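Undergrad: no sequence for this one, just the structure:
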């Protein structure tokens, strides 16, 4: 299995997961032009893509979903509330065609090619926000972005994963002392906003297990974080629990505006 990030952050989120025969896309918040360019440059194949999974209806996760679905005839999978939210979002200029809409039910697995997929709830201030737990053979790949709080569901799926995309959005001191207006700071730090580096690190440390092979920190804030700061914070907290990133598992930080990968994943 191969994983590729086309972008991760408020400028656009898009992830590509493939086997030899099948592929899925998770979120489509980059522009159609950039999507096509990256897919061509890095040899990712639209033709074997079985579906686009949408986590929630914010523009940085859905910007090109309708355009790609329409042009490439790829079905789009989302919960009913997320589909409705996508229709209401004025920044989503091209809606997903009716014939390409598929409904996801929380907690109910479904199959797309080789991928067995389960959606689960994650708190965030969208119409609804979900994580995706994706099983292929013995590999268990989980995407958790825009995580408002570390809920029991979040803990459970960290504990199940062999490969994990996990939000580390902001540094607490940078957010506190930064230029954002106070209401926005409060929204980000709320239980329906985003996850700080420290909270992400603690969640990883407290739910770490020996089967976890790869963690990618995602959706870093441009204003209130930095890749090396996020990495250092997570590594420091993990070390205090006796867990060594780079030895016990691989830790990477996904880049905001340019592709990261490909990563070849083993069971």
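TA: In hand now; what should we look at? It should be emphasised that the depicted structure is a prediction, and the values quoted were computed from it without experimental measurement.
Undergrad: quick one: the lengthiest helix in the chain to chain centroid distance?
TA: The longest helix of the chain (DSSP state H) is helix 227-240. Relative to its parent chain, helix 227-240 has a centroid offset of 20 Å by C-alpha atoms, centre = their mean, to the nearest Å.
Undergrad: Now the element after that helix, going C-ward?
TA: strand 250-253 (DSSP states H and E).
Undergrad: Against which helices or strands is that next one packed?
TA: strand 214-218, helix 227-240 (3 or more C-beta pairs under 8 Å, 6 or more residues apart in numbering; DSSP states H and E). The C-beta positions use only the backbone N, C-alpha and C, and glycine is treated the same way.
Undergrad: Mind checking the ones you listed for the one nearest to residue 77?
TA: The closest of the helices and strands packed on strand 250-253 to residue 77 is strand 214-218. By C-beta to C-beta, the value is 19.6 Å.
Undergrad: follow-up on the earlier one: most packed of the helices and strands packed on strand 250-253?
TA: strand 214-218 (a mean of 24; mean count of other C-beta atoms under 10 Å).
Undergrad: Name every strand pairing with that strand and say which way it goes.
TA: The pairing partners recorded for strand 214-218 under DSSP bridges are strand 163-167 (parallel), strand 250-253 (parallel).
Undergrad: got a list of contacts for the longest helix of the chain?
TA: 168, 171, 174, 197-198, 200-202, 204-205, 208, 217, 220, 244-245, 251, 253, 255 (C-beta atoms under 8 Å, 6 or more residues apart in numbering).
Undergrad: The same query, at a cut-off of 7 Å, please.
TA: 168, 171, 197-198, 200-202, 204-205, 217, 220, 245, 251, 253 (C-beta atoms under 7 Å, 6 or more residues apart in numbering).
Undergrad: Format the strands paired with strand 214-218 as a markdown table; extra columns: mean neighbour count and mean pLDDT.
TA: Output for the strands paired with strand 214-218, formatted as a markdown table (neighbours: other C-beta atoms under 10 Å; pLDDT from 0 to 100):
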| stretch | mean neighbour count | mean pLDDT |
| --- | --- | --- |
| strand 163-167 | 26 | 98 |
| strand 250-253 | 18 | 98 |
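Undergrad: can you list those strands in a markdown table and add distance to residue 16?
TA: Listed next are these as a markdown table, based on distance: least, C-beta to C-beta, whole Å:
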| stretch | distance to residue 16 |
| --- | --- |
| strand 163-167 | 12 |
| strand 250-253 | 15 |
